[in-house]
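In: take this sequence and fold it.
(one chain, ligands or ions: 1)
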Amino acid sequence: MDVSLTKQDEQFRDEVRGFLEENLDAELRRAGELASGICGDHTQTMRWHKILNDKGWVAPSWPEAFGGTGWSDMQRYIWVSECARANAPRLYPMGLGMIGPTLTVCGTPEQQQRYLPPLLSGEHIWCQGYSEPGSGSDLASLQTQAVRDGDDYVVNGTKIWTSYAQHATHIFCLVRTDKSGKPQQGITFLLIDMDDPGITVAPIITLAGEHEVNQVFFDNVRVPVSQVVGKENDGWTVAKTLLTFERSGAYASRLGNRLASLKQLIDAVEAPQAEDMHYRFAELSVRVQALEMTEFRMQAALAEGQPTGAASSQLKVMGTEAQQAIDTLAVEALGLYAAPWQPEALEIGSNEKPIGLPETILFMPDYLNNRAATIYGGSSEVQRNILAKLALGF
Ligand SMILES: Cc1cc2nc3c(=O)[nH]c(=O)nc-3n(C[C@H](O)[C@H](O)[C@H](O)COP(=O)(O)OP(=O)(O)OC[C@H]3O[C@@H](n4cnc5c(N)ncnc54)[C@H](O)[C@@H]3O)c2cc1C
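Out: As a prediction, the model looks like this:
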């Protein structure tokens, strides 16, 4: 298997680097740098979204006919990696990365016409309504109910951990429409307007003091039947299609950036901790290089039309666990400087002088935020179950 870049891929990478150099201004880069959650500052995120839409690069995972870029898997990987390396803001993934490509496959022509153009332009922002207070890993046990009434469903229940619902204009939801058969069989996939009467969004403030997740309540919300994706009671099939778009498999560049910003701090650590910290830093550098090679192997397999098997689960576990190990080392190296609570210093354009080195003010928020990375998008334990089944045959 050849894991090196072809001449064409190298040319593409250079084109991407040139574009990022030209279009990422200081504010956008700062927003990318300061984002400790999945996405950062809302205004800068949407500004970057519009710049990419104008260039025609906002939806690399969509088919070209719907506004995608026509890039190969390797080109998409290069794009994500270069954006991470340049600290570009990350766009909201639920619309462009999940429901958009799903609608290109499972949506009706009317749904595609109604929802895809405003998603590209940034007029619509989507959030994902899957998890419920009693249903996360065991998603099929979900209870939010949709009862048919004429040409509408009436939806009652609640969704939780809904990322960026506070900014969303729409939510895609899994709801229960039948309780009689197996749990997976009575689920329907619904597209819902967040302005509909009966929807309430309650913020959940995380340990890092950030408003990223929410609980969404549905109280007799009427949703037209035309907003079902796929068939009634067949939402599980649509959800499985969406899952194939959910995981990006590009962690190494971002982690490489984190390590680079940590290096100066590790070099400044004095005895008796210095030796142990240098050793752990070197071990993490090797882990990130191994991760990058695994990412290349996955891209090379895709390019050769081979199945990638359990690779996306493997990358999720390796990437998020390496990320947490880097965060832990960073916080230990910071020592007492990890303690000050200074959210003002993290605001774009803030002139608040941070306590400690300016480059390290994100280490503690990162540490706190990234605790969630081994939970969302399928927890590490669940990924290991998948690996055991697919790779080891248990
Ligand atoms: C920051 C953040 C953002 C999120 N954003 C969204 C979002 O936008 N939309 C959305 O729908 N959801 C979102 N989620 C929810 C996320 O998908 C769930 O938290 C996740 O699926 C785990 O479910 P749970 O929290 O109910 O934990 P549980 O499923 O109750 O798991 C509890 C523990 O048990 C372990 N466990 C569970 N089942 C097994 C098993 N079979 N074998 C071994 N161990 C197991 C888990 O690994 C975990 O350690 C988000 C979560 C977080 C933390």
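In: contact residues of the stretch 51-200 of the chain facing the ligand?
Out: Applying CB under 6 Å from any ligand atom, we find that the stretch 51-200 of the chain lies next to the ligand at 127, 128, 129, 130, 131, 136, 137, 161, 162, 163. C-beta here means a position set from N, CA and C on the backbone, and glycine is covered the same way.
In: so which of those residues are in helices?
Out: Among those, no member is found in helices (DSSP state H).
In: can you name the element that comes right after the helix or strand containing residue 282?
Out: In this assignment (DSSP states H and E), residue 282 forms part of helix 274-303. Next helix or strand after helix 274-303 toward the C-terminus (DSSP H and E): helix 311-334.
In: and the following helix or strand past that next one, how far out from the chain's middle?
Out: Note on helix 311-334: by DSSP H and E, the next helix or strand toward the C-terminus is helix 363-369. Taking CA atoms, centre = their mean, to the nearest Å, one finds the center of helix 363-369 at 17 Å from the center of the full chain.
In: just the closest residue of the protein to the ligand, please.
Out: The nearest approach of the chain to the ligand comes at residue 136, 1.8 Å away (CB to the nearest ligand atom).
In: show me what contacts residue 155?
Out: Residue 155 makes contact with 144-146, 173, 175, 190, 192, 198, 218, 220-223, according to CB atoms under 8 Å, 6 or more residues apart in numbering.
In: quick one: the strands in the stretch 51-200 of the chain?
Out: Using DSSP state E, counting those that start in this stretch, the strands found in the stretch 51-200 of the chain span residues 126-129, 145-149, 152-160, 170-176, 187-193, 199-205.
In: adding mean pLDDT, write those strands out as a markdown table.
Out: Below are the strands of the stretch 51-200 of the chain laid out as a markdown table (pLDDT from 0 to 100):
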| stretch | mean pLDDT |
| --- | --- |
| strand 126-129 | 98 |
| strand 145-149 | 98 |
| strand 152-160 | 98 |
| strand 170-176 | 98 |
| strand 187-193 | 98 |
| strand 199-205 | 98 |
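In: residue 88 is nearest to which of the ones you listed?
Out: Residue 88 lies closest to strand 126-129 among these, at 20.3 Å (CB to CB).
In: who touches that closest one?
Out: 92, 94-95, 98-99, 119, 144, 159, 162-165, 167-174, 192, 194, 216.
In: also stretch 114-123?
Out: Residues from elsewhere that reach stretch 114-123 (CB under 8 Å, 6+ apart): 46, 49-50, 53, 58-59, 62, 66-67, 95-96, 99-100, 103-104, 107, 124, 126, 169-170, 191.
In: flag the shaky bits of this structure, pLDDT-wise.
Out: For the chain, the stretches with pLDDT under 70 are 1-3, 246-248.
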